[in-house]
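K.L.:
have a look at this prediction, sequence included:
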Amino acid sequence: MKKRICIIYTGGTIGMVPSGKGYVPSGRDFKEYFPSIPDLQKPGMPELEVIQFDPLLDSSNIAVREWNQIGRTIAENYDRFDGFVILHGTDTMSYSASALSFMLENLGKPVIFTGSQIPLCEIRSDGAANLVSAILIAAEAAVPEVCIYFDGRLLRGCRSTKASSDRFTAFDSPNEESLAEVGISVRYHCSRNRPAPEGPFSLREFEQVPVGIIKIFPGIQFELFESIMTEQYKGVVLETFGAGNIPASSSGGLIPIIEKAYRNGTLIIVCSQCMQGTVSLGAYEASRALLDIGAVTGGDMTTEAAMTKLIYLFSRHEPVDRIRALMMKNLRGELTEIPDQASV
């Protein structure tokens, strides 16, 4: 029996057309592209069904509401299909893939994000190759989790980040190897797969949790952020230098703000601006103050994963102390646990 794959078309470059204001969603039925992609007509291709969002979106406009919409679409059709391919713009694909990684609890089927850097309507588009490979990977079901497929590489969704705006290799997974490489054959690294789910699949929709991201830069004046660091913020991801360092000249303004946030129940998650490596609070004097006042290490998580994980945990209505512990625990393959910090 042929496998059945659901293509969820949210928009993005793959289906865009040129206009006087740049590329815009075409609005056409995505199935109209199928005759122009010969591989989709071949006998070995699984059965395909398209669910198309209306309106189609540039990924710059995708956030919590749209993540919930994608999640609901998968949940409502979970038993009908063997896997899902999500066509999505590249700009925020890593955020969406991270969000769905947490949102889809006990996922036992592949959910593959893909798209293109050049629209299907243009010469040299990478869209057809990405789409065909993503469909076949979803049908093989060797990696039953949320992933991004782009330009020959299958990446864990919650480990991915957009690395290039003008290369076909648009995404990277800086702190974890790819889950598969696609050449003449597909070479899976099954030892890197997540454990099988322990319970039935379920959807945890995200609430509109107020979280923020602050990027440290030389000479930053933290006093400018004090007015927004109120109890209304549930969590803030702090993008620091290196292994979690902040400039000494700024720490005098930062520490009282974080202490105030901590008293208000706001979680401060420390991530690194470096593409590779991990945060190690206290390894340098420049990060010791963050550790002393209760900031939480984000380890080697991407900013995208840290932000969406915060929203997920607050949407579960966990106590703040448990959320602190769970932020340092590996839930979906998003981080490398430090054993003495990950106990809950």
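P.N.:
Done, it's in. Here the structure is a predicted model, which is why all the values come from computation and not from measurement. Numbering: from 1, shown residues only.

K.L.:
just the pLDDT for residue 230.
P.N.:
On the pLDDT scale, residue 230 is placed at 62.

K.L.:
next: residue 330.
P.N.:
Listed pLDDT for residue 330 reads 96.

K.L.:
before we move on, what about residue 224?
P.N.:
Per-residue confidence (pLDDT) for residue 224: 67.

K.L.:
helices of the stretch 1-150 of the chain, residue ranges please.
P.N.:
Counting by DSSP state H, counting those that start in this stretch, one finds helices in the stretch 1-150 of the chain at the ranges 64-77, 93-103, 127-140.

K.L.:
can you add mean pLDDT and mean neighbour count and give those helices back as a markdown table?
P.N.:
Placement of C-beta: from N, CA and C, glycine included. A markdown table is the format used below for the helices of the stretch 1-150 of the chain (pLDDT from 0 to 100; neighbours: other Cβ atoms under 10 Å):
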| stretch | mean pLDDT | mean neighbour count |
| --- | --- | --- |
| helix 64-77 | 98 | 17 |
| helix 93-103 | 98 | 27 |
| helix 127-140 | 97 | 23 |
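
K.L.:
between those helices, which one is closest to residue 275.
P.N.:
helix 93-103 (12.6 Å; Cβ to Cβ).

K.L.:
nearest to residue 336, of the helices of the stretch 1-150 of the chain?
P.N.:
Nearest of the helices of the stretch 1-150 of the chain (Cβ to Cβ): helix 93-103, 15.7 Å.

K.L.:
which other helices and strands does that closest one contact?
P.N.:
In terms of contacts (3 or more Cβ pairs under 8 Å, 6 or more residues apart in numbering; DSSP states H and E), helix 93-103 is packed against helix 64-77, strand 111-114, strand 146-150, strand 161-162, helix 303-315.

K.L.:
thinking residue 338 is in contact with residue 329, fair?
P.N.:
No. Look at residue 338 against residue 329 with Cβ atoms under 8 Å: they stay out of range, at 10.0 Å.

K.L.:
picking up where we left off before, which one of the helices of the stretch 1-150 of the chain lies nearest to residue 40?
P.N.:
Minimum separation from residue 40 across the helices of the stretch 1-150 of the chain (Cβ to Cβ) falls at helix 127-140, 6.9 Å.

K.L.:
now find how far off-centre that closest one is within its chain.
P.N.:
The gap between where helix 127-140 is centred and where its chain is centred comes out at 19 Å by Cα atoms, centre = their mean, to the nearest Å.
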